[in-house]
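Engineer: test case, fold it:
(chains A and B)
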2 protein chains.
Amino acid sequence: MTAPTLSLADRMTDIRPFHVMELLRRARELEAQGRDIIHMEIGEPDFPSPPPVVEAATRFLARGDVHYTPALGIAPLREAIARFYQDRFGADVAPERIVVTPGASGALMLALAATTNPGDSWLLPDPTYPSNRHLVRAFEGVARAVPVNADSAYQPTVAAVETAWQPNTRGLIVASPANPTGTLLTQPEIGALRQSVRARGGQLIVDEIYQGLTYGVDSSTALKTMDDVFVVNSFSKYFGMTGWRLGWLVAPEGYAREIERLAQHFFISASTIAQQAALAAFSPACLDILESRRQAFAERRNTLLPALRDLGFKVASEPQGAFYIYSDVSALTDDSETLARRLIEEAGVAATPGIDFGDNRPRQHLRFAYTTSQSRLAEAAERIRRVLA
Amino acid sequence: MTAPTLSLADRMTDIRPFHVMELLRRARELEAQGRDIIHMEIGEPDFPSPPPVVEAATRFLARGDVHYTPALGIAPLREAIARFYQDRFGADVAPERIVVTPGASGALMLALAATTNPGDSWLLPDPTYPSNRHLVRAFEGVARAVPVNADSAYQPTVAAVETAWQPNTRGLIVASPANPTGTLLTQPEIGALRQSVRARGGQLIVDEIYQGLTYGVDSSTALKTMDDVFVVNSFSKYFGMTGWRLGWLVAPEGYAREIERLAQHFFISASTIAQQAALAAFSPACLDILESRRQAFAERRNTLLPALRDLGFKVASEPQGAFYIYSDVSALTDDSETLARRLIEEAGVAATPGIDFGDNRPRQHLRFAYTTSQSRLAEAAERIRRVLA
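Structural biologist: This is a model prediction of the structure:
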């Protein structure tokens, strides 16, 4: 059978799959053959949805009244998010600036579609979460990589941003905590980036989807000190609600009413059940659960980080957030994809090769997610040790 | 306070809000003052979610395991949709061609983003559901209106398409049943449109989101006789699952694996709860409920259509599907928006003015949705009678 000739838009040439999906398929094959695979490639907490959230959804479903909501989200949820910013971070965010979206991807799509003309470029750190640059491309923007390395905690510096800035640059997208590196930007660092970007007439988008998942350092938000940036957030990671598909965008004043039009056409509204359930995510009972899960992540990190280092995986800039360790594997291999394949086949351990995160020395890096239990992490380290021995 | 200067993309100039939202806000104000408003502006079934769907969701939630799904959707749901095409319509659709999406909007976004280069034009009937042309614009395509009138049941003819076709035309988007007109395309008509579009190297997208909601005529699908078109569908209307945000795209062979990449970046996946719940939507118990609801819609249509005609609303092409009546109000007013405002204020009846659906004589048209009970429809007709008297 010959492959059909597809008539595709040019953007499709630039929009790449997650390479880790191929590894994941292989992992599933091995599992189907009875092999035990330890999944450290998955960017998803292993915990079930918090019981208060599930209970709220169940109560709501019992009424059976699952209709559309306003495009910007239900008012009580927008208010609850605003209160959370105030209570947790001391940040003043008007509910009117909050747009509830189907996941953080939806939030970033809205921010980019509302601000990006064809040919406008956005600066993004490299390595970074790959979808961000693909969403820029989807709306005919140009994603321009700012290579970042361990010496700046894998975060862009003002100098690097100013060097990369061009007349067509629309702005900068940063993440704190970042994926794949787990590193943070301090408030002064974000402030300096914002100042530089704004001075050039650009926009700063801050991805805070791992907010709340920090270890040994307090979690924060750019919104505490600045109100002219876009902030993308999510119920998926800290709140443990991945499959519910719910996130939000905080827009500078005035933008929400423009973005409302886009949200109407893109999504009509976010999932009503997820919105109703998320109201319970901010309850004291739920926040207690989330705090104990955060502590569990902290312990896992404290197990995995020395274990990896001991095995020859170099981690030059210590991750302080999210649930990732981005390791330099150059002492072990000159091709992280081959190593990742070997780890699956021989050790039954799945990790994500650097190629998924950009073009900045991807073959030297492998990302480990500590989204599995302490005992499985220890087992993974032991299995890797035997393979590398 | 002066409005802040917003830095917006050019596309935002062309992306308009739903005008009916302004009317809806006014309706809510009046309701807050104690007025009774009969809502005939809402494109959403008034029925609660089907109990078998709610029960399936509740059972799934009890396990608490609400994680991401594959980007194309869970395999059992893709298979269930394929079986439904076979059992209900005798259409052969491989599950591999089915992409489960967050609502039909998500499905159309994927089809358009995958195929549309900047400047490519898509032909759309006018009047039509407004989001379709705005999604074309979002991906830098150009929406080109093909005016359609009662003499062709508000559907584009081959001649009209061929007249409108230009070198940069990428394809044609049609809907059957259509919104706002409730009219259908016959299988031979779709076949002729497809042949014309394909002969010009273009693509046909068929919006079937009101599939199943037809009255006095069997429901069908373009997929019964053609496999090289994109079909957009939804669990919102026939299946009564609006707030769950779940739809699907059927793509011609080979496209799904390209679209998978886009779906990963746009959505990660559709709501896991909605996908699990939708498995129950095809159960015999649920289909029985849906059939009785379809009959209720048929009865409402049979009540409202003569009542409106009797009041001077002209309906030249009888709607056979969806839950809309698109009426020509030129015997009553020279401005349907003013009439809509008057009906809200004086009769407490909300309907949607033609302006929301395009530029083809919008001031002469008003859309009534029969998404409320028989008795409310009769009450609405009586109130309108008193106002127009």
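
Engineer: how is chain A partitioned into domains?
Structural biologist: Chain A is divided into the following domains under automatic domain parsing: A:10-48+A:286-388, A:65-283.

Engineer: deepest of those domains, which one?
Structural biologist: Of all those, domain A:65-283 carries the top mean neighbour count, a mean of 21, counting by mean count of other Cβ atoms under 10 Å in any protein chain shown. For glycine as for every other residue, the C-beta is placed from the backbone atoms N, C-alpha and C.

Engineer: how far does it sit from its chain's centre?
Structural biologist: On the basis of Cα atoms, centre = their mean, to the nearest Å, domain A:65-283 sits 10 Å off its chain's mean C-alpha point.

Engineer: relative to residue A:255, how far out is residue A:136?
Structural biologist: Remark: distance between residue A:136 and residue A:255 (Cβ to Cβ, to the nearest Å) = 18 Å.

Engineer: do the same with residue A:218
Structural biologist: Using Cβ to Cβ, residue A:218 is found at 28 Å from residue A:255.

Engineer: got the contact list for residue A:185?
Structural biologist: By Cβ atoms under 8 Å, 6 or more residues apart in numbering or on different chains, the residues touching residue A:185 are A:155, A:174, A:176, A:193.

Engineer: what's the pLDDT at it?
Structural biologist: Predicted confidence (pLDDT) for residue A:185: 98.

Engineer: ok, now the one 3 residues further on?
Structural biologist: If you check residue A:188, the pLDDT there is 97.

Engineer: again, but for residue A:2
Structural biologist: pLDDT for residue A:2: 46.

Engineer: next: residue A:25.
Structural biologist: Listed pLDDT for residue A:25 reads 86.

Engineer: in terms of helices and strands, where is it?
Structural biologist: Using DSSP states H and E, residue A:25 sits in helix A:20-32.

Engineer: what's that helix packed up against?
Structural biologist: The contact analysis (3 or more Cβ pairs under 8 Å, 6 or more residues apart in numbering or on different chains; DSSP states H and E) places helix A:20-32 against helix A:336-342, strand A:349-350, strand A:352-353.

Engineer: which residues touch the last one?
Structural biologist: With contact meaning Cβ under 8 Å, 6+ apart, strand A:352-353 is reached by A:19-20, A:23, A:41, A:180, A:336-337, A:339-340, A:362-363, A:365-367, A:369.

Engineer: repeat the analysis, applying 7 Å as the threshold.
Structural biologist: A:19-20, A:41, A:336-337, A:340, A:362, A:366-367 (Cβ atoms under 7 Å, 6 or more residues apart in numbering or on different chains).

Engineer: beyond that strand, next helix or strand please.
Structural biologist: Per DSSP H and E, the helix or strand that comes after strand A:352-353 is strand A:365-369.

Engineer: pull the distance from whichever helix or strand comes after that following strand to the chain's centre.
Structural biologist: Where DSSP H and E defines the elements, the next helix or strand beyond strand A:365-369 is helix A:374-388. Helix A:374-388 sits 26 Å away from the centroid of its parent chain (Cα atoms, centre = their mean).

Engineer: any low-confidence regions in chain A?
Structural biologist: Along chain A, the parts satisfying pLDDT under 70 run over A:1-4.

Engineer: quick one, strands of it?
Structural biologist: Secondary structure of chain A (DSSP state E): strands at A:38-39, A:98-101, A:121-126, A:142-147, A:169-175, A:203-207, A:230-234, A:247-250, A:324-328, A:349-350, A:352-353, A:365-369.

Engineer: so which of those comes closest to residue B:214?
Structural biologist: Nearest of the strands of chain A to residue B:214, taken as Cβ to Cβ: strand A:98-101 at 33.9 Å.

Engineer: CA atoms only: put the closest one into CSV for me.
Structural biologist: Extracted in CSV, the C-alpha atoms of strand A:98-101 (Å, rounded to 0.1, in the frame of the first residue of the first chain):
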residue,chain,number,x,y,z
ILE,A,98,-8.4,35.6,35.0
VAL,A,99,-9.4,33.4,32.1
VAL,A,100,-10.2,29.8,32.9
THR,A,101,-9.0,27.5,30.0
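
Engineer: hmm, back to that, residue B:314 is nearest to which of the domains of chain A?
Structural biologist: Checking the domains of chain A against residue B:314 by Cβ to Cβ gives domain A:65-283 as the closest, at 29.7 Å.

Engineer: end-to-end on that closest one?
Structural biologist: 23 Å (Cα to Cα, to the nearest Å).

Engineer: wait, isn't residue A:56 in contact with residue A:277?
Structural biologist: Yes - with contact defined as Cβ atoms under 7 Å, residue A:56 and residue A:277 form a contacting pair (4.7 Å).

Engineer: against which helices or strands is the longest helix along chain A packed?
Structural biologist: Identified as the longest helix of chain A according to DSSP state H is helix A:284-310. Packing contacts for helix A:284-310, counted by 3 or more Cβ pairs under 7 Å, 6 or more residues apart in numbering or on different chains; DSSP states H and E, involve helix A:51-63, strand A:324-328, helix A:374-388.

Engineer: hmm, who's touching the longest one?
Structural biologist: Residues outside helix A:374-388 that contact it (Cβ under 7 Å, 6+ apart): A:38, A:40, A:299-300, A:303-304, A:307, A:311-312, A:332, A:342-343, A:346-349, A:370.

Engineer: check the second one too.
Structural biologist: Contact partners of strand A:324-328, identified using Cβ under 7 Å, 6+ apart, comprise A:179-182, A:304-305, A:308, A:313-316, A:319, A:364-369.

Engineer: what's the angle between it and helix A:284-310?
Structural biologist: Interaxial angle of strand A:324-328 relative to helix A:284-310 (axes from the mean of the first three to the mean of the last three Cα atoms, to 10 degrees): 10 degrees.

Engineer: chain center to strand A:324-328, what's the gap?
Structural biologist: Worked out by Cα atoms, centre = their mean, strand A:324-328 lies 15 Å from the chain centre.

Engineer: so that strand versus strand A:365-369, what angle?
Structural biologist: Using the same axes, to 10 degrees: strand A:324-328 against strand A:365-369 is 160 degrees.

Engineer: what does the stretch 151-300 of chain A put close to chain B?
Structural biologist: A:203, A:241-245, A:253-255, A:258, A:261-262, A:264-268, A:270-274 (Cβ under 7 Å from any Cβ of the partner chain).

Engineer: how long is stretch A:356-374 end to end?
Structural biologist: End-to-end distance for stretch A:356-374: 26 Å, by Cα to Cα.

Engineer: so who does residue A:52 touch?
Structural biologist: A:280, A:283, A:285-286.

Engineer: likewise for residue A:183?
Structural biologist: A:153-155, A:177, A:317, A:319-320.
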